[in-house]
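> only the shape, not the letters, is given here:
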């Protein structure tokens, strides 16, 4: 998602690049080793950054939303993606494993409470973590909110977004026989977990291109061809989580448990023209979560690199720093 035109225009809002002062692999004890890094001020206000996907991994650009003199920034690659190992693995890889990983990281770093910063799936995970451990969250800063509902999956994989983007939708669906197109998540699942690396990579790149092609309001709909290893982890993990409805047990779980967010201050930055996670979800969440400040960004889509979204996220973190 950082390949779009919006990235260059957004750079002016970001803090200068900074290097980590700590990088390590944490053994989670069940076959997974998770990459974790820290940057900024070792004595600063703790922030944990939750990347999207699932399966997206963190990047150096994500360090640049925080004043390095103020914040102690923690980033990690969630299970199965980025530098974490085993790569593209879905074994012992559920939402609740990720929630437990955040707790292990917090305890290992001797942090009492985090500011939790996350976008897209990272916003989903941030909300689930906050609902599960409200006493461990000082503030939530969310972007392009995804709430892991069937309605959102139906919108993006059932043809809703495709009505606005017929050309990339055709590229995504044409790879699947007509008699399987009533459930594209299931159809892609069969191919992403076929056991044939060539087939898995082909369909992973198509899955990734469909999402990346719609990420920015500046996009032409061409998602590009992601590197095979990256695409395979991204697509397999997303598909695994969506096939299992986020491992939440029921639809609209976040809405039903939003009362647990009471007392946690939050900022929700949402692109008005987000085609991946339509803004109604963020709006409905803010109506239930009275401590949330919803900031709707005009002329913006889904991507972290959108100029308006980048500027608002930096502004939100600077405002927190001043309080």
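Looks like it arrived, so ask away. Quick caveat, the model's predicted, so the values are computed rather than measured. Numbers count the residues shown, from 1 in each chain.
> element containing residue 117, please.
Assessed by DSSP states H and E, residue 117 sits inside strand 114-120.
> quick one: name whatever helix or strand follows that strand.
helix 121-132.
> contacts for that following helix?
For helix 121-132, the external contacting residues (CB atoms under 8 Å, 6 or more residues apart in numbering) are 49-54, 56, 78, 95, 98-99, 102, 116-118, 136-137, 140, 142-148, 238, 241, 246, 248, 253-254, 257-258, 260-261, 264, 285. The way it works is simple: take the backbone N, C-alpha and C, and place the C-beta from them, glycine included.
> go again using 7 Å as the cut-off
50-54, 95, 98-99, 102, 116, 118, 137, 140, 142-148, 246, 254, 257, 260-261, 264 (CB atoms under 7 Å, 6 or more residues apart in numbering).
> one more: stretch 107-118?
Here stretch 107-118 makes contact (CB under 7 Å, 6+ apart) with 26, 45-50, 74, 106, 125-126, 129-130, 136-142, 320.
> can you tell me how far residue 19 sits from residue 120?
Counting by CB to CB, to the nearest Å, the gap from residue 19 to residue 120 is 26 Å.
> for the two, work out which one has more neighbours and name it.
Shown here are residue 19 and residue 120; by other CB atoms under 10 Å, residue 120 has more neighbours (27 against 10).
> still on that earlier bit, make a PyMOL selection of the buried ones in the contacts of helix 121-132.
Typed into PyMOL, the line below selects the buried ones among the contacts of helix 121-132, using 16 or more other CB atoms under 10 Å:
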select buried, resi 50+51+52+53+54+95+98+99+102+116+118+137+140+142+143+144+145+146+147+148+246+254+257+261+264
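> which of the contacts of helix 121-132 fall in helices?
Those of these mapping onto helices are 95, 98, 99, 102, 254, per DSSP state H.
> distance to residue 185 added to those, as CSV?
Below are the ones in helices among the contacts of helix 121-132 laid out as CSV (distance: CB to CB, whole Å):
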residue, distance to residue 185
95, 17
98, 20
99, 23
102, 26
254, 20
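> and the furthest pair within the residues you listed?
102 and 254 (16.2 Å; CB to CB).
> what segments of the stretch 151-300 of the chain are strands?
266-271, 292-297 (DSSP state E, counting those that start in this stretch).
> turn those strands into TSV, columns for mean pLDDT.
Below are the strands of the stretch 151-300 of the chain laid out as TSV (pLDDT from 0 to 100):
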stretch	mean pLDDT
strand 266-271	98
strand 292-297	98
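> pick the most deeply packed of the ones you listed.
Most buried of the strands of the stretch 151-300 of the chain by mean neighbour count (mean count of other CB atoms under 10 Å) is strand 266-271; its value is a mean of 25.
> that one pairs with which strands, parallel or anti?
According to DSSP bridges, strand 266-271 forms sheet pairs with strand 137-145 (parallel), strand 292-297 (parallel).
> contacts for it next, please.
With CB under 7 Å, 6+ apart, strand 266-271 has contacts from 139-145, 217, 279, 282, 285-286, 289, 291-297, 300-302, 306, 309, 312-313, 316.
> pretty sure residue 32 contacts residue 79?
Yes: using CB atoms under 7 Å as the test, residue 32 is close enough to residue 79 to be in contact (5.0 Å).
> which one's more surrounded, those two?
Under the criterion of other CB under 10 Å, the comparison of residue 32 against residue 79 puts residue 79 first, with 27 against 21.
> look up the closest residue to residue 138, ignoring the ones flanking it.
Once flanking residues are discounted, residue 138 sits nearest to residue 113: 4.2 Å by CB to CB, 6 or more residues apart in numbering.
> quick one: end-to-end length of stretch 171-178, please.
From its first residue to its last, stretch 171-178 covers 13 Å (CA to CA, to the nearest Å).
> so for it, mean pLDDT?
The pLDDT scores in stretch 171-178 average 98.
> next, the buried residues of it.
Neighbour-count burial for stretch 171-178 flags 171, 172, 173, 176 (criterion: 16+ other CB under 10 Å).
> contact partners for the second one?
With contact set as CB under 7 Å, 6+ apart, residue 172 has these partners: 206, 210.
> could you give the separation of stretch 42-50 from the chain centroid?
On the basis of CA atoms, centre = their mean, to the nearest Å, stretch 42-50 sits 18 Å off its chain's mean C-alpha point.
> ah, wrong one, I meant stretch 16-25
Distance of stretch 16-25 from its chain centroid, counting by CA atoms, centre = their mean, is 20 Å.
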